[in-house]
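> Provided below for reference: sequence and predicted model.
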Amino acid sequence: MDTLLGLPGVVSSRESEQPDSKGQKKAILKIVAAGLAQLIEMRQVEGQAIAKDLEKNAKALARIVAKVDKRMPKVVKEHQKGLHARVAELLKASNSAQAPDVSREIALLADRLDVAEETSRLHSHLDQLDAFLIESGPVGRKLDFLVQEIFREINTIGSKCSDAQVAHWVVEAKTFVERLREQVQNVE
């Protein structure tokens with residue numbers, strides 16, 4: 001390398017060949033500023049696209065939660081009827097249990113099936129998600145935590161309710177939550 005650099009004309013230090021350092025600095029700063037402006041613009045466009053996708057998936061999730069809300073009173077009543085019928089059969093065979101006690105136990109079992117609390121929290125979480133999407137500044141961690149909470153509520157609904165239709169909606173909801181989770185990873 002030393003030999004190559006020592007050859008005449010390879011490296012020149014003549015004053016006339018020295019570039020205008022002030023002019024170069026201005027040109028470089030102009031290019032860097034333009035590149036940064038394009039980067040910021042591209043990130044804003046990408047951020048808007050991500051926000052739109054998050055909104056779309058959150059709305060789909062809200063529609064599913066509304067369906068669950070609407071169906072659950074019917075599910076609870078059907079479950080209570082089924083329990084009453086089974087208990088009535090058992091009581092015919094033995095008179096050891098008192099009817100009011102049995103009715104109270106059936107009501108408690110049916111109450112455990114109710115997911116109104118979970119759907120209420122889901123609505124609240126989805127409202128928070130909407131608020132975070134219009135917030136300026138970094139919201140990625142908030143969104144990440146919120147999506148985890150949404151997933152927990154969906155899982156709880158799935159574990160509490162044995163209705164086939166609701167179970168189908170829970171699976172569908174988990175798909176939308178997963179989409180939210182994937183996009184949230186792209187948010188600062």
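Structure's in. What do you need? Quick caveat: nothing in here was measured; it's all calculated off a predicted structure. Numbers count the residues shown, from 1 in each chain.
> burial count for S136?
The number of residues packed near S136 is 5, by other CB atoms under 10 Å. Every C-beta, even on glycine, is put in place using the N, C-alpha and C of the backbone.
> quick one: it from Q44, how far?
Remark: distance between S136 and Q44 (CB to CB, to the nearest Å) = 12 Å.
> gap between the longest helix seen in the chain and the chain center?
Counting by DSSP state H, the longest helix found in the chain is helix 21-93. The chain centroid and the centroid of helix 21-93 are separated by 5 Å under CA atoms, centre = their mean, to the nearest Å.
> and that helix, what does it pack onto?
In terms of contacts (3 or more CB pairs under 8 Å, 6 or more residues apart in numbering; DSSP states H and E), helix 21-93 is packed against helix 99-113, helix 116-134, helix 140-160, helix 164-184.
> in a markdown table: these, plus mean pLDDT and mean neighbour count.
Shown next, in a markdown table, are the helices and strands packed on helix 21-93 (pLDDT from 0 to 100; neighbours: other CB atoms under 10 Å):
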| stretch | mean pLDDT | mean neighbour count |
| --- | --- | --- |
| helix 99-113 | 70 | 13 |
| helix 116-134 | 94 | 16 |
| helix 140-160 | 95 | 17 |
| helix 164-184 | 96 | 17 |
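> and the closest residue to L5 other than its chain neighbours, helix, strand or coil?
Spatial nearest neighbour of L5, chain neighbours left out: V11 (5.7 Å); criterion: CB to CB, 6 or more residues apart in numbering. At V11 the chain is in coil, as set by DSSP: H, G, I helix; E, B strand; the rest coil.
> and R121, what is it in contact with?
149, 153 (CB atoms under 8 Å, 6 or more residues apart in numbering).
> that one and T156, how far apart?
When distance is defined by CB to CB, R121 is 9 Å away from T156.
> repeat for L36
46 Å.
> and for K70?
Distance from K70 to T156, by CB to CB: 18 Å.
> again, but for G137
Where T156 is concerned, G137 sits at a distance of 31 Å (CB to CB).
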